[in-house]
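In: what shape does this take:
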Amino acid sequence: MPIKLPKRLPARDVLESENIFVMDDDRAMQQDIRPLNILILNLMPEKERTEAQLLRLLGNTSLQVNVTFLKTATHVSKNTSKYHLDQFYTTFSEIKSRKFDGMIITGAPIEHLSFEDVNYWNELTQIMDWSTTNVTSTLHICWGAQAALYYHFGIGKFELPAKCSGVFAHRVLDRSEKLLRGFDDEYLAPHSRYTDVSKQEIVENTQLKLLSYSEEAGPFIVSANNGKQIMVTGHLEYETGTLAEEYQRDVQKGIDIEPPKHYFPNDNPNEQPLNRWRSHAHLLFSNWLNYYVYQETPYEWS
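Out: Okay, the predicted model is just below:
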């Protein structure tokens, strides 16, 4: 949340130069507060676990958030009960006449498919197209980020020689960007995917800004110039043991796979991993909610 300061207070210039959010009396008078309406399109198989991961981060701000969960009508989840989906989820046809302050589109374990071969791709493109006029800002995660880069900006994905799995160091490339306020110059974040996107194509696209990058894991946080689309190619929302569980699952399936990099202490899968990205996960979500949703959304949608 912002801090209200007199216009001529000397400290104001110092804080603004450090990208701290300050406002004066005139701006404060315009601050109408109401609950934020956030739509979550949950494409992950274990939907209840993803719900907890995202709600934990959305709930750690001073803003009141109303959440609506969205499911695809053209794909039936095999890992979540019909009772749970019927009770807590809605479909696009039921909400497409509404306006939302923010939206989250999750990842999905379907990277081996081309986008057009995903059985709900047409429905997803309708939702992404609708989001440009009915949502103030949309946060896309992992495969959802790749789908957004492809649909909105024409940037495709490519297959990696081996799975990108682990906790990697990332550099902040633009300290003036509101989304990265409070971030360390270098910070850690988990990745778990078999595909990647081109840094060069992102940098050369005049509609996009590459905000954070990893030498090992590639582009991480990308923003449209207007903040309408935020793409995060990794999983800051992951819990401490998520990568370990994914690794054990792959091993049990007989997949020849290396342990997640920089994750287990001493790179030993028998040791308990430590969470070294939690604080930046909370920062990312609180910055997005405040600066890209709350500060930008109209008090009354027209």
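In: return the backbone torsion pair for the closest residue to Tyr291 other than its chain neighbours.
Out: Take Tyr291 and drop its neighbours on the chain: the residue closest to it by C-beta to C-beta, 6 or more residues apart in numbering is Lys178, 4.0 Å away. (C-beta placed from N, C-alpha, C; glycine too.) When read as degrees, to the nearest 10, the backbone of Lys178 gives phi -60, psi -30.
In: so who does Leu54 touch?
Out: When contacts are counted by C-beta atoms under 8 Å, 6 or more residues apart in numbering, Leu54 touches Ile40, Ile104, Thr106, Glu237.
In: looking at those residues, spot the one nearest Tyr291.
Out: Of all the contacts of Leu54, Ile104 has the smallest distance to Tyr291: 15.8 Å, by C-beta to C-beta.
In: state the helix or strand in which that closest one lies.
Out: strand 100-105 (DSSP states H and E).
In: pull the distance from that strand to the chain's centre.
Out: Relative to its parent chain, strand 100-105 has a centroid offset of 10 Å by C-alpha atoms, centre = their mean, to the nearest Å.
In: would you mark the buried spots in whichever helix or strand comes after it?
Out: Counting by DSSP H and E, the next helix or strand C-terminal to strand 100-105 is helix 121-134. By neighbour count on 16 or more other C-beta atoms under 10 Å, the buried set for helix 121-134 is Trp121, Glu123, Leu124, Thr125, Ile127, Met128, Ser131, Asn134.
In: which other helices and strands contact helix 121-134?
Out: Packing partners of helix 121-134 (3 or more C-beta pairs under 8 Å, 6 or more residues apart in numbering; DSSP states H and E): helix 92-95, strand 100-105, helix 143-153.
In: in CSV, list the C-alpha atoms belonging to the longest one.
Out: Once side chains and other backbone atoms are set aside, the C-alpha atoms of helix 143-153 remain, and they are given as CSV (Å, rounded to 0.1, in the frame of the first residue of the first chain):
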residue,chain,number,x,y,z
TRP,A,143,2.6,-23.1,-19.4
GLY,A,144,0.0,-20.4,-19.0
ALA,A,145,2.7,-17.8,-19.6
GLN,A,146,3.9,-19.6,-22.7
ALA,A,147,0.3,-19.8,-24.0
ALA,A,148,-0.1,-16.0,-23.4
LEU,A,149,3.2,-15.2,-25.2
TYR,A,150,2.1,-17.3,-28.1
TYR,A,151,-1.5,-16.1,-28.4
HIS,A,152,-1.0,-12.4,-27.6
PHE,A,153,2.5,-11.8,-29.0
